[in-house]
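Engineer: one predicted model, sequence on top.
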Amino acid sequence: MTTLMKIRSIVALARPVNSLTVGGAVVVGEIVALRSLPSIHEALLGFLTGLFISSSAMVLNDYFDVEVDKVNAPHRPLPMETISIPEAMLLATAASAAGLIAAGLLSWLNLAIAAMFWMVGFLYNWRFKATGLPGNVFVSTSVGIPFIYGGVSVGDPSNMILWSFFVVAFLANMGREVAKGIIDVRGDELRDAKTVARMWGAGVAAHMSSLFLFSAILFSFVPYFLGWLGRVYFAMIMLSDVVMAYPALELLRSRTPMEVRRRKRQILLGMFLGLLAFVVGGVYA
């Protein structure tokens, strides 16, 4: 195997888009809390914490899911054996250490939060993924917490704008996770995962996913109507919500894994636009 192929496998294992987004969300939390740019020290260490803690969780996900991925995602590095199990564990250990060190260089509270959510990621991948909705809660909490972590990084852990962002991110990701269960039904049968799709069918899962997404859309207006954020936020979150509303509506009639896979990508786009709304609207309040 060439060095380039090995590097590509490592990158694929760490899911850089997901991890870069988590790191970016931490910096967004810092910017919104400060209403200005953080110091290079705060931004860099916050970003690296999110990047590496997320990367370690992504690698552990593939490690614990290797048998399931032979059905659901045979193109992944571990099923394809382009990277070995020991190599994957070394990568997860290195990423975990790097993330915790970065957190410790910020503050003891940042280190405690990073360690707690490293443990959440580990427990989810090890035991809770197969529990269905409880597992979805684990993941969605981890998606929302970077905003709070960013506030903590700059000394503002109780910032209500950031907590509202946490709720929106949590609800949107719950919708995405429940929909994902429709796509992964075949593989989830191997581990007897208690997903909504397996327990109650694709129709119930699609409707529940849609309910979570519409809840996220409604809650996204709270910072504006409470006067925390202004018209710039309102305009940008409207764009995000329109993009999010489309898959939310389509899920009410989508049933096949192929259809839901398209909706899942559209949800991700809406979440990305929401992230932009958070940072721009938070600065220009």
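Structural biologist: Alright, I've got the coordinates.

Engineer: report the contact partners of residue 21.
Structural biologist: Contact analysis of residue 21 by CB atoms under 8 Å, 6 or more residues apart in numbering lists 272, 275. For glycine as for every other residue, the C-beta is placed from the backbone atoms N, C-alpha and C.

Engineer: and residue 144, by the same measure?
Structural biologist: 165, 166, 167, 168, 169, 170, 173.

Engineer: please, which helix or strand holds the residue nearest the centre of the chain?
Structural biologist: Closest to where the C-alpha atoms of the chain average out (CA atoms, centre = their mean) is residue 143, at 3.8 Å. Per DSSP states H and E: residue 143 is located in helix 133-153.

Engineer: mind splitting this protein into its structural domains?
Structural biologist: If you go by automatic domain parsing, the domain ranges for the chain are 14-158, 159-285.

Engineer: could I get those domains as CSV with distance to residue 7?
Structural biologist: Output for those, formatted as CSV (distance: least, CB to CB, whole Å):
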stretch, distance to residue 7
domain 14-158, 10
domain 159-285, 25
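
Engineer: between the contacts of residue 144, which sits nearest residue 57?
Structural biologist: Closest approach between those and residue 57, by CB to CB: residue 173, at 13.8 Å.

Engineer: which strands and helices lie in contact with the host helix or strand of that closest one?
Structural biologist: Residue 173 belongs to helix 160-183 when assigned by DSSP H and E. Helix 160-183 sits against helix 16-34, helix 133-153, helix 196-200, helix 202-219, helix 222-225, helix 257-283, with contacts defined as 3 or more CB pairs under 8 Å, 6 or more residues apart in numbering; DSSP states H and E.

Engineer: the ones you listed: which one's closest to residue 70?
Structural biologist: helix 257-283 (16.9 Å).

Engineer: between helix 133-153 and that closest one, find me the angle.
Structural biologist: Going by axes from the mean of the first three to the mean of the last three CA atoms, to 10 degrees, helix 257-283 is angled at 20 degrees with respect to helix 133-153.

Engineer: helix 257-283: how far from the chain's middle?
Structural biologist: From the chain centre to the centre of helix 257-283 is a distance of 11 Å (CA atoms, centre = their mean, to the nearest Å).

Engineer: and the pLDDT at residue 283?
Structural biologist: On the pLDDT scale, residue 283 is placed at 80.

Engineer: now for it: which residues touch it?
Structural biologist: The contact partners of residue 283, by CB under 8 Å, 6+ apart, come to 31, 32, 35, 36.

Engineer: do the same with residue 216
Structural biologist: Residues in contact with residue 216 (CB under 8 Å, 6+ apart) are 168, 169, 171, 172, 175, 244.

Engineer: thinking again about what came up before, most widely separated two among the contacts of residue 144?
Structural biologist: Most distant of these, by CB to CB, are 165 and 173, 12.2 Å apart.

Engineer: so those two - more neighbours on which side?
Structural biologist: residue 165 (31 against 25; other CB atoms under 10 Å).

Engineer: the more buried one contacts residue 278, correct?
Structural biologist: Yes. Using CB atoms under 8 Å, residue 165 makes contact with residue 278 at a distance of 5.3 Å.

Engineer: now for these two: what residues contact both?
Structural biologist: Taking CB under 8 Å, 6+ apart as the criterion, residue 165 and residue 278 both touch 28, 32, 147.
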